[in-house]
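K.L.:
I would like to see how this sequence folds:
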Amino acid sequence: MLLDKIALLLTIVGAVNWGSIGLFSLDLVAMIFGNMSLLSRIIYSLVGAAGLWCITLLFRDTTSGNTDN
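P.N.:
Below you'll find the model as predicted:
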């Protein structure tokens, strides 16, 4: 499903950003788009929503033979 792939991509972006914060004290989103600018806040919100969406992936039945990927 396309929404699943978009959510996964955004979650990966968030994970890379948190990794860079933890390892290097470098917030990539803030560096690129500005510290708590409107665009940064939108990106943070989208990453958060994507993380919540990815929770549903844990509970999906992947054994039913669904091939609409």
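K.L.:
residue ranges in the protein under the pLDDT threshold?
P.N.:
Counting by pLDDT under 70, the ranges of the chain that qualify are 65-69.
K.L.:
for the residue positioned nearest the centre of it, give me its contacts.
P.N.:
In the chain, the residue lying closest to the centroid (Cα atoms, centre = their mean) is T11, at 2.0 Å. By Cβ atoms under 8 Å, 6 or more residues apart in numbering, the contact list for T11 reads 47, 50-51, 54. From N, CA and C alone the C-beta is placed, and that goes for glycine too.
K.L.:
can you map out the helices along this structure?
P.N.:
2-24, 28-33, 38-57 (DSSP state H).
K.L.:
make JSON lines out of those and add distance to S64.
P.N.:
JSON lines is the format used below for the helices of the chain (distance: least, Cβ to Cβ, whole Å):
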{"stretch": "helix 2-24", "distance to S64": "15"}
{"stretch": "helix 28-33", "distance to S64": "37"}
{"stretch": "helix 38-57", "distance to S64": "15"}
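K.L.:
most packed of those?
P.N.:
Most buried of these by mean neighbour count (mean count of other Cβ atoms under 10 Å) is helix 28-33; its value is a mean of 16.
K.L.:
chain center to that one: distance?
P.N.:
Put simply, helix 28-33 sits 15 Å off its chain's centre (Cα atoms, centre = their mean, to the nearest Å).
K.L.:
how about stretch 55-67?
P.N.:
19 Å.
K.L.:
quick one: the closest residue to D27 other than its chain neighbours and L28, what's the gap?
P.N.:
With sequence-adjacent residues excluded and distances taken as Cβ to Cβ, 6 or more residues apart in numbering, D27 is closest to I21, at 5.5 Å. Using Cβ to Cβ, to the nearest Å, we find I21 at a distance of 8 Å from L28.
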